[in-house]
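Peer 1: Give the three-dimensional model of this entry:
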Amino acid sequence: MAGWPSSTSALAELQSRLAGARPAPWEPPGLAVPVGGCAVCSLRRAPGPGAAGDPAWAAAVVLEQGRVTGSAACRGAAGAAFASGQLALREGPLLEEVVRRLPAPPAVLLVHAAGRDHPRRSGLALMLGALLDLPTVGVTTRPLRAEGPMPEDRAGATSPLRLDGEVVASWVRVRAGLRPVVAHAAWRTGPETAAALVLATSRVRMPEPLRLALEMARTLRAREGRRTR
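Peer 2: The predicted structure is shown next:
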């Protein structure tokens, strides 16, 4: 993958091509690896789900054995209006920029976006991994298209999410009594690896690298957003 598409037709073509790619699966060497998380927060300038040009802030954080070993942030603008299944047009370039600003790349990257739970099996989390040549896992609060039963109400419980009969993600309940998150198979990762990584890096609900990245992006939006109105 050489760069981000700039049109819906180019995006669909690239997504279909990446969905058929079969890179070598990532085999976690253990839990003591640097795990990154990245996310974008935008500021809607008008009512609605979001428009092209909305101010946006991206952040990335890397943790290794519970310690922050790197972080980065950047500001830009949403590349396109929000549309389901086309988040790459809106956030892809900003996420690439902020991850490339990290002092060193992580071993695996958690992305606040879908992976193979996508109409063309290639959501933003998968596309970002292909472009950066990094294993990725998507993490969201709900599935995009896949369906499946909720897991048991106990810490560590998981249940599969299927799209057209294929397991593409999992519900993951980090702690009893809390709503589960979705761990998405993405670039070089399958559903089991995705779920295991989310459980290994989470304290409460969201994986810690992603939680910190979201917190950083939201803080920047709150601090700088007033000046963009």
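
Peer 1: what separates stretch 97-107 from the chain centre, distance-wise?
Peer 2: 15 Å (Cα atoms, centre = their mean, to the nearest Å).

Peer 1: shift numbering so it begins at 122
Peer 2: Understood, numbering begins at 122; the last thing we discussed is stretch 218-228.

Peer 1: Check residue 348 and give its pLDDT.
Peer 2: pLDDT, residue 348: 61.

Peer 1: contact partners of the strand or helix carrying residue 247?
Peer 2: For residue 247, the element it lies in under DSSP states H and E is helix 245-253. Helix 245-253 has contacts (Cβ atoms under 8 Å, 6 or more residues apart in numbering) with 122, 124-125, 135-136, 139-140, 142, 144, 159, 208-209, 212-213, 216-217, 220-221, 226, 230, 232, 234-237, 239, 255-259, 305, 307-309. Quick note: C-beta positions are derived from backbone N, CA and C, even for glycine.

Peer 1: pLDDT on the helix or strand just after it, on average?
Peer 2: Scanning forward in sequence from helix 245-253 by DSSP H and E, the next helix or strand is strand 257-261. Mean pLDDT, computed over strand 257-261, is 98.

Peer 1: Also compute the angle for strand 257-261 relative to helix 245-253, please.
Peer 2: 160 degrees (axes from the mean of the first three to the mean of the last three Cα atoms, to 10 degrees).

Peer 1: What average pLDDT does the helix or strand just after strand 257-261 get?
Peer 2: Using DSSP H and E, the helix or strand that follows strand 257-261 towards the C-terminus is strand 278-284. Mean pLDDT, strand 278-284: 98.

Peer 1: who does the helix or strand following strand 278-284 touch, helix- and strand-wise?
Peer 2: The helix or strand immediately downstream of strand 278-284 is strand 287-294, counting by DSSP H and E. For strand 287-294, the packing partners by 3 or more Cβ pairs under 8 Å, 6 or more residues apart in numbering; DSSP states H and E come out as strand 278-284, strand 302-306, helix 312-322.

Peer 1: Going by neighbour count, list what's buried in the longest one.
Peer 2: To tie it back to what came earlier, the one meant is helix 312-322. 312, 314, 315, 316, 317, 318, 319, 320, 322 (16 or more other Cβ atoms under 10 Å).

Peer 1: one step back: could I get the CA-only coordinates of the helix holding residue 247 as CSV?
Peer 2: This file holds the C-alpha atoms of helix 245-253, laid out as CSV (Å, rounded to 0.1, in the frame of the first residue of the first chain):
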residue,chain,number,x,y,z
LEU,A,245,-9.2,1.5,8.7
ALA,A,246,-7.3,-0.6,11.3
LEU,A,247,-6.3,-3.1,8.6
MET,A,248,-5.4,-0.4,6.1
LEU,A,249,-3.3,1.5,8.5
GLY,A,250,-1.3,-1.7,9.4
ALA,A,251,-0.8,-2.4,5.7
LEU,A,252,0.6,1.1,5.0
LEU,A,253,2.8,1.2,8.1
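
Peer 1: nearest to residue 188, of the helices and strands packed on strand 287-294?
Peer 2: helix 312-322 (12.6 Å; Cβ to Cβ).

Peer 1: The helix or strand just after that closest one - contacts with which helices or strands?
Peer 2: Counting by DSSP H and E, the next helix or strand C-terminal to helix 312-322 is helix 329-345. Where contact means 3+ Cβ pairs under 8 Å, 6+ apart, helix 329-345 is packed against strand 156-163, strand 176-185, strand 188-198, strand 229-232.

Peer 1: Assess the claim that residue 318 and residue 156 are in contact.
Peer 2: Yes. Applying Cβ atoms under 8 Å, one finds residue 318 in contact with residue 156, separated by 7.2 Å.
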